[in-house]
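Novice: Need coordinates for the below:
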Amino acid sequence: NTIEIEYLDIDPKDHSALTLLSARDWIRKMEDEENYAQLDFEKELDWGIITGIKTGIKFRDETITNNRTVGSTNSSHPAWKVITMDQVSGGLTPRLHGEAATSGSLTQYAWIDGDKAKQVIDPMFAAGAMTYTYDKKAFYEINEEISAAYVKADFEIAQFHGNVGVRAVEPDQTSKAYIDGELGSVTRSYDDFLPSFNLIYDVADDVKVRAAISKVMARPTFQDLSANITINATTSSASAGNPDIKPFYADQFEAGVEWYFEEGAILSGTFFSKSLDTFVFTRTTTETIDGDQLSVTRPHNASDGADISGFEVQLQKELGAGFGMVANYTFTDATVPAVEGGQKLKLPGNSEDQANASVYYANDAVSIRLSYNFRSEAYGNLTSGSQLVTSDYDQWDATADWAVNDQITLFLTAVNLTNEVIY
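Specialist: Below you'll find the predicted structure:
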């Protein structure tokens with residue numbers, strides 16, 4: 001599907017045809033305050049198969065607050081003057097979209113010179129043509145208090161060694177925002193116990209077999225947890241957080257073999273499996289906000305999680321004379337049940353195939369690396385009833401550094417050497 005925009009009789013490259021009728025100023029102030037205390041204890045032991053123990057506690061208290069003041073023009077103020085864009089012209093933009101542009105796409109338009117704009121517009125605002133008000137809808141405050149404790153024991157039995165442990169976490173979260181003009185809050189508390197077990201078997205001096213099983217969790221971002229809503233009156237849409245978002249948990253297992261076949265070299269393969277109880281995705285639905293029907297985009301928990309399995313292979317080898325190479329490939333298969341409403345999703349952010357490879361040269365003074373990265377198509381969030389899709393993508397990058405002397409090192413980085421386009 002394509003969306004075409006027609007500019008009627010306005011030429012987007014004609015500065016004189018574009019007029020500034022109003023302006024808006026958003027002043028955002030975000031504060032993040034964190035306090036924590038942590039105590040760790042570690043001791044080597046000789047208790048039979050137990051070779052050591054490590055334990056600790058941590059308390060963390062973090063509050064993030066978002067405030068916004070919105071300025072809008074007062075067109076009746078005597079200092080306000082309507083201006084055309086040719087008074088603050090900065091020429092035309094660079095050509096946009098490149099290979100992704102289709103016939104009729106906007107690829108260039110009139111551009112403002114920032115310094116000229118300040119000279120013309122700032123005096124009007126300084127004289128009172130801009131009126132500022134506090135935006136309650138943009139306010140949110142999230143407090144998260146986390147108490148955590150862990151204990152881990154190291155063990156060794158003949159050619160086997162590893163560790164076993166458990167982490168206990170108790171988060172208390174409070175999210176505040178203005179809802180229908182009144183300050184409200186949502187509070188959540190929960191307990192988590194996250195065990196883990198890691199085992200290594202030394203087959204030989206240069207061959208190791210590893211296995212691990214654990215339960216892990218990830219808490220939602222503060223942005224997802226915010227209770228506020230930001231409205232775009234122009235498009236009758238809004239974006240919002242969701243203070244009821246739950247963390248997601250995964251039972252995961254992996255097993256692999258590592259072969260250190262020469263100095264500075266490794267060939268390894270790992271199988272992994274994860275079972276997620278949920279995941280977070282965004283969806284746009286129609287909601288009534290202050291009596292208006294708006295298309296609101298906010299995060300949600302999937303009612304069912306996802307099953308993920310796959311494998312990874314890695315090769316690292318020095319080629320001699322300062323040259324070397326590193327390569328890895330990961331295959332990931334993700335099975336996701338239908339979300340609420342019966343819609344079938346692909347796991348957001350997942351690509352079935354990913355590969356990275358680098359060749360490098362290094363000596364005491366110079367280091368040069370050429371890298372290739374590839375990922376197959378990836379899926380994003382829901383918008384307008386469909387899931388966003390990013391096509392297959394590959395990219396070449398290069399880095400170099402030169403230590404001129406003990407005090408000066410020069411760096412050079414080149415990203416996307418072949419100007420690949422993300423679709």
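
Novice: any idea of the pLDDT on Phe386?
Specialist: Rather than Phe, residue 386 is Ser. Looking at Ser386, its pLDDT is 68.

Novice: Could you do Thr234 as well?
Specialist: pLDDT at Thr234 comes out at 69.

Novice: secondary structure element for Gln293?
Specialist: For Gln293, the element it lies in under DSSP states H and E is strand 292-301.

Novice: now for that strand, which elements pack on it?
Specialist: Counting contacts by 3 or more CB pairs under 8 Å, 6 or more residues apart in numbering; DSSP states H and E, strand 292-301 packs against strand 237-240, strand 280-289. All C-beta spots, glycine's among them, are computed from the backbone N, C-alpha and C.

Novice: In its sheet, which strands sit next to whichever helix or strand Thr51 is part of, and in what direction?
Specialist: Assigned by DSSP H and E, Thr51 belongs to strand 50-73. Counting by DSSP bridges, the strands paired with strand 50-73 are strand 24-47 (antiparallel), strand 130-134 (antiparallel), strand 140-157 (antiparallel).

Novice: Would you tell me which of these gets closest to Val203?
Specialist: For those, the distance to Val203 is smallest for strand 140-157, at 14.9 Å, taking CB to CB.

Novice: what's the distance between the helix or strand just after the closest one and the middle of its chain?
Specialist: Where DSSP H and E defines the elements, the next helix or strand beyond strand 140-157 is strand 160-179. Centroid separation for strand 160-179 versus its chain: 20 Å, with CA atoms, centre = their mean, to the nearest Å.

Novice: So which bits of the helix or strand following strand 160-179 are buried?
Specialist: Downstream of strand 160-179, the next assigned helix or strand under DSSP H and E is strand 182-189. Neighbour-count burial for strand 182-189 flags 186, 188 (criterion: 16 or more other CB atoms under 10 Å).

Novice: By mean pLDDT, show me the worst of the helices and strands packed on strand 292-301.
Specialist: Ranked by mean pLDDT, these bottom out at strand 280-289, with a mean of 80.

Novice: how about that one as CSV, C-alpha atoms only?
Specialist: These are the backbone C-alpha positions of strand 280-289, laid out as CSV (Å, rounded to 0.1, in the frame of the first residue of the first chain):
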residue,chain,number,x,y,z
VAL,A,280,5.4,-6.4,25.5
PHE,A,281,4.0,-5.1,22.3
THR,A,282,2.3,-1.8,21.3
ARG,A,283,-1.1,-1.6,19.8
THR,A,284,-3.3,1.2,18.6
THR,A,285,-7.0,1.2,19.6
THR,A,286,-9.8,3.8,19.8
GLU,A,287,-10.2,5.3,23.3
THR,A,288,-12.3,8.1,24.8
ILE,A,289,-10.0,10.8,26.3
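
Novice: List the buried residues for that strand?
Specialist: Residues of strand 280-289 classed as buried: 280-284 (neighbour count, 16+ other CB under 10 Å).

Novice: Output the below-cut-off pLDDT ranges for the chain.
Specialist: Residue ranges of the chain with pLDDT under 70: 1-8, 97-101, 233-234, 338-344, 381-386.
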